[in-house]
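*Asks:* coords please:
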Amino acid sequence: MLRTPLYAFHTARQAKMVDFAGWEMPIMYGGEGGGIIAEHVQTRTSGGLFDVSHMGRVRISGRHARRLLERVCSRRISDMQAGQCRYSLACNERGGVHDDIIVYRFDDDLFTVVVNASNREKMLGHFERVRSSGDLTVKIEDETQKTAMVALQGPKVMELVGRFSREIPTLKRYRFAVKNLVVAKLVVSRTGYTGEDGVEVILPAMMVDMALKLILKDAGMDDPNGIVKPAGLGCRDTLRMEAGMPLYGHELGEEINALSCGVDFAISLDKDQDDRGEPFVGMEALKKTRDEGGPARKLVGIALDGKRSARQGMKILAEGREVGEVSSGCLSPTLGYPIAMGFVSRDLAVEGTPVEVDSGRDFKISGKVRKIPFYSPTKGV
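*Replies:* Numbering: from 1, shown residues only. Next up, the predicted model:
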């Protein structure tokens, strides 16, 4: 398995390491106050530090860099400003999802694209196919193993970041700045995958130890009352479920229509109608879906009764008949009851609709369709 530049940091804090998409990653940390629920609560109430170096980071540069990304991305790229990030989907010809990605625009000819760890090789191949088919002058560089990426997330994080920089706390959501750390450059974006405020930082792998020492010094990371503590992939998953954020392989996939996934804001079916726009891969298939009345199933949230959690693949029932399938589920540490996301027949994707989840073990879990997100820091629960 591959190891991130933070591997020694994890093992020094008794992290339980697991194989995630070929990377040895911390699922949670040991010691006093550790564990998934404790790390979840720490992130919701103060701050968590996540190693997300396993995510792919691909540099796209050259005269036709923008045009390549217009063809790959379901969202407009040409109207992005320098210093802006944008969430998008990369679709296949059938309108399914190759991956969900974040695009960073540095200038007209230089972008960085962050892709999911499990899809890095696939997306590198996809970029190359689009480049070759359009005879585009583009350089595609995989910078994943030369760099690291960490996320600081939580309501007290920007207070901490303000000790290092006056500029970063003033950034709007989905904006980034390039900062100097000795001789290296850091890309700091106001983005995240927890539903909380915070930043994600891309930096050279060789600078990780120095950057962590700065954070550790002011964050009190090894202090029981510190602002920020390390958090693993386990609570990252429960946090993103509460925030209603899709995960590839669960709410997104090659055989899942992009218009089913609850991220319609990231799909611009008219992006080829302006001077600089171009159709993206899968656009015609999605237009056909739209024109035929929309996808047969839609992603919804489900608030469940009792304490039993739903799991991916469990059937969703309404009035005794199968109407869909669970894509993700957990016992929400913030809400105190089980939540799930899943795909149901579009006529049932209405808040308050009563449903059941078939556990497959001779019992069913009652619940109701609920809008997602389940939680946001501004609206609460």
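
*Asks:* quick one: secondary structure of residue 374?
*Replies:* Residue 374 carries the three-state label coil when classified by DSSP: H, G, I helix; E, B strand; the rest coil.

*Asks:* isn't it up against residue 332?
*Replies:* Yes. Taking contacts as C-beta atoms under 8 Å, residue 374 lies within contact range of residue 332: 6.6 Å. Bear in mind the C-beta positions are built from the backbone N, C-alpha and C, glycine included.

*Asks:* shared neighbours of those two, anything?
*Replies:* Common neighbours of residue 374 and residue 332 are listed as 241-242, 339 (criterion: C-beta atoms under 8 Å, 6 or more residues apart in numbering).

*Asks:* next, residue 235: phi, psi?
*Replies:* As for residue 235, its main-chain torsions (degrees, to the nearest 10) stand at phi -80, psi -20.

*Asks:* I meant to write residue 67 there.
*Replies:* Dihedral angles of residue 67 (phi, psi; degrees, to the nearest 10) stand at phi -60, psi -40.

*Asks:* how far away is it from residue 362?
*Replies:* The span separating residue 67 from residue 362 equals 56 Å under the rule C-beta to C-beta, to the nearest Å.

*Asks:* what about these two, which has more around it?
*Replies:* Neighbour count, other C-beta atoms under 10 Å: between residue 67 and residue 362, residue 67 has more, with 20 against 6.

*Asks:* just the pLDDT for the more buried one.
*Replies:* According to the prediction, residue 67 has pLDDT 95.

*Asks:* what's the neighbour count on the closest residue to it other than its chain neighbours?
*Replies:* Sequence neighbours aside, residue 136 is the residue nearest to residue 67 in space, at 6.0 Å (criterion: C-beta to C-beta, 6 or more residues apart in numbering). Using other C-beta under 10 Å, residue 136 has 16 other residues around it.

*Asks:* wait, doesn't residue 136 sit right on residue 60?
*Replies:* No. Counting by C-beta under 8 Å, residue 136 does not reach residue 60; the two are 10.3 Å apart.

*Asks:* what touches both of the two?
*Replies:* With contacts taken as C-beta under 8 Å, 6+ apart, the residues that reach both residue 136 and residue 60 are residue 68.

*Asks:* look up phi and psi at the residue positioned nearest the centre of the chain.
*Replies:* Taking C-alpha atoms, centre = their mean, the centroid of the chain lies closest to residue 193, which sits 4.9 Å from it. With angles defined as degrees, to the nearest 10, residue 193 shows backbone torsions of phi -140, psi 30.

*Asks:* tell me the contacts of it?
*Replies:* Listed by C-beta under 8 Å, 6+ apart, the contact set of residue 193 reads 52, 151, 153, 236, 239-240, 243, 245.

*Asks:* what about those, which are in strands?
*Replies:* Among the contacts of residue 193, the ones falling in strands (DSSP state E) are 151, 153.

*Asks:* run the chain-centre distance for stretch 43-53.
*Replies:* 14 Å (C-alpha atoms, centre = their mean, to the nearest Å).

*Asks:* CA atoms of stretch 146-158 as CSV?
*Replies:* Output in CSV follows, covering the C-alpha atoms of stretch 146-158 (Å, rounded to 0.1, in the frame of the first residue of the first chain):
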residue,chain,number,x,y,z
LYS,A,146,4.9,14.8,-4.8
THR,A,147,2.4,16.7,-2.7
ALA,A,148,0.3,16.3,0.5
MET,A,149,-3.2,17.6,1.3
VAL,A,150,-4.6,18.2,4.7
ALA,A,151,-8.0,19.5,5.8
LEU,A,152,-8.7,21.6,8.9
GLN,A,153,-12.4,21.6,9.6
GLY,A,154,-14.6,23.0,12.4
PRO,A,155,-16.2,26.1,13.8
LYS,A,156,-13.0,27.3,15.5
VAL,A,157,-10.6,26.6,12.7
MET,A,158,-10.7,30.0,11.1
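
*Asks:* quick check: the farthest pair among the contacts of residue 193?
*Replies:* Using C-beta to C-beta, these span at most 15.6 Å, a distance reached by 52 and 243.

*Asks:* which strands and helices sit next to the helix or strand containing residue 101?
*Replies:* Secondary structure assignment for residue 101, by DSSP states H and E: strand 97-107. Under the contact criterion of 3 or more C-beta pairs under 8 Å, 6 or more residues apart in numbering; DSSP states H and E, the helices and strands touching strand 97-107 comprise strand 84-91, strand 110-115, helix 120-133.
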